[in-house]
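A.B. asks: What would the 3D arrangement of this be:
(chains A and B)
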Number of protein chains: 2
Amino acid sequence: MKIAVLGTGMVGRAIAGKLSTLGHNVVIGTRDVEQTLARTEPDWLDNAPFAQWQPTHPAVQLAAFANAGAYGEIIVNATQGALSLTALEATGAANLSGKVLLDVAMPLDLSQGMPPTLTVANTDSLAERIQRTYPSTRVVKSLNTMLADIMVDPARIPGSHNVFVAGEDAAAKETVTILLREFGWPEEAILDLGGIRAARGVEMYGAMTFALSAALGTFDFNIAVVRA
Amino acid sequence: MKIAVLGTGMVGRAIAGKLSTLGHNVVIGTRDVEQTLARTEPDWLDNAPFAQWQPTHPAVQLAAFANAGAYGEIIVNATQGALSLTALEATGAANLSGKVLLDVAMPLDLSQGMPPTLTVANTDSLAERIQRTYPSTRVVKSLNTMLADIMVDPARIPGSHNVFVAGEDAAAKETVTILLREFGWPEEAILDLGGIRAARGVEMYGAMTFALSAALGTFDFNIAVVRA
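C.D. replies: Numbers count the residues shown, from 1 in each chain, chains lettered A, B, ... in the order given. This next block holds a predicted model:
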């Protein structure tokens, strides 16, 4: 598949790198290609500059949001959630129309430091906003409940644990499920939470993620749903 | 221990009944004793009227909030979250002062039907509001992440799964942890999330609970935190 991954951070790199390794044709989208490549300092999360990462995945191209969007048959939103709608606007409605958009972003408000709050919650969610803004795009929320390294390598966590999908379009969720399977998620680990409104659940779980990570001293964990 | 459980619903009954079975002296607090006993219809969750439940736990007394609060050395808030501050006001600040308050309530807004939203979220939580309103009360948030039957009988769910505690007072969290152990929670299942702000995490996880329950067709599940 030709896949556009929007976002050059930790999450975008992990997903783009894995998709490329799996044999997909991947373009990473960014606001300003030259500026992204010109950065020489680690970002606020201490990730190496993109220009240092790219040689480790030479098949992955970097392009402006609009060019990436035009290229991708599937779009992955791995931008910072607070900036996702701006990034999607730059990607262009025509480039998003009819396509599956896998939204892995978290709408974190980091303006007051850690732990973050959410820029949208409770009565709405980022994924719902994206779906409302691009009604002909087939938005599927998934993967946002865990560290990027776990998203693309679930075996990193021992035993059973879960990943969730939510969206209005059953075929789009099936497409995302196939990608999740390629990432290594067992079929029984993938829980379909229903329509896009369920994105509130997985986004609001973010507050739990940060509380858990503070308690455990690591983000290297996931949750398993255990039934009676 | 002399324990006051505020709230006559499913959660209050489960906790009061279990505490009584364990040998504690338990009073359930309600707004209006006569009205509570006079009800003959199931509630909106199809729970039998309180007067039908009480004979199954004859040692559990029913009292007005203020009388229950005066009696209890430990207070359990098992009222509907949207009404908890009103119930605590009726219980009385003097009756809450210095005591451990185990807050198991969920601030659900059911006015728009199912799934509910929260009456407070993201930048605040019910437990933080209670702690701010009663600064000399030692609030501990716990147990609100699961069905009442699981709270008091964790073995109902097979294998490892977790319960969380959050609060400012370490000794109060220890008191709650002892109760959780009496309920059957293994020591390693009890995760301390830190200060009361972490209540946002466990309350906002409620959106996830409702999404999961819709997908699974049951509330009879819990989550396990699985580390790398």
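A.B. asks: Can you name the residues that contact residue A:114?
C.D. replies: Residues near residue A:114 by CB atoms under 8 Å, 6 or more residues apart in numbering or on different chains: residue A:210. Where you see a C-beta, it was placed from the backbone N, CA and C, and this is true even at glycine.
A.B. asks: And it, how far from residue B:193?
C.D. replies: Counting by CB to CB, to the nearest Å, the gap from residue A:114 to residue B:193 is 14 Å.
A.B. asks: got it, and residue A:91?
C.D. replies: From residue A:91 to residue B:193 the distance is 37 Å (CB to CB).
A.B. asks: Likewise for residue A:228?
C.D. replies: Taking CB to CB, one finds residue A:228 at 24 Å from residue B:193.
A.B. asks: Between the two, which has more neighbouring residues?
C.D. replies: Shown here are residue A:228 and residue B:193; by other CB atoms under 10 Å in any protein chain shown, residue B:193 has more neighbours (25 against 13).
A.B. asks: The nearest residue to residue A:124 once chain neighbours are set aside: neighbour count?
C.D. replies: Spatially, and ignoring its direct neighbours in sequence, residue A:124 is nearest to residue A:200 (7.4 Å; CB to CB, 6 or more residues apart in numbering or on different chains). By the criterion of other CB under 10 Å, residue A:200 has 31 neighbours.
A.B. asks: got the residue ranges for the strands in chain A?
C.D. replies: Assigned by DSSP state E, the strands in chain A fall at A:2-6, A:25-30, A:61-64, A:74-77, A:100-103, A:108-109, A:117-118, A:138-142, A:163-167, A:190-192, A:221-227.
A.B. asks: list the helices and strands the fourth one packs on?
C.D. replies: With contacts defined as 3 or more CB pairs under 8 Å, 6 or more residues apart in numbering or on different chains; DSSP states H and E, strand A:74-77 has these neighbours: strand A:2-6, helix A:10-21, helix A:84-91, strand A:100-103.
A.B. asks: switch the cut-off to 6 Å
C.D. replies: strand A:2-6, strand A:100-103 (3 or more CB pairs under 6 Å, 6 or more residues apart in numbering or on different chains; DSSP states H and E).
A.B. asks: Let me see the mean pLDDT of that strand.
C.D. replies: Strand A:74-77 shows a mean pLDDT of 98.
A.B. asks: The first one now?
C.D. replies: On average, the pLDDT along strand A:2-6 is 98.
A.B. asks: What residues sit buried inside that strand?
C.D. replies: For strand A:2-6, a neighbour-count test (16 or more other CB atoms under 10 Å in any protein chain shown) marks A:3, A:4, A:5, A:6 as buried.
A.B. asks: Distance to residue B:219 for those - can I get that in CSV?
C.D. replies: Formatted as CSV, the buried residues of strand A:2-6 follow (distance: CB to CB, whole Å):
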residue, distance to residue B:219
A:3, 37
A:4, 39
A:5, 37
A:6, 36
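A.B. asks: Ramachandran angles for residue A:48?
C.D. replies: In terms of degrees, to the nearest 10, the main-chain angles of residue A:48 are phi -60, psi 150.
A.B. asks: Chain B versus that one, what's the distance?
C.D. replies: Noted for residue A:48: a distance of 22 Å to chain B, by CB to the nearest CB, to the nearest Å.
A.B. asks: can you count the residues close to the closest residue to that residue other than its chain neighbours?
C.D. replies: Excluding its sequence neighbours, the residue lying closest to residue A:48 (CB to CB, 6+ apart) is residue A:42, at 5.9 Å. When neighbours are counted by other CB under 10 Å, residue A:42 registers 11.
A.B. asks: Same check on residue A:110?
C.D. replies: Residue A:110: 13 neighbours (other CB under 10 Å).
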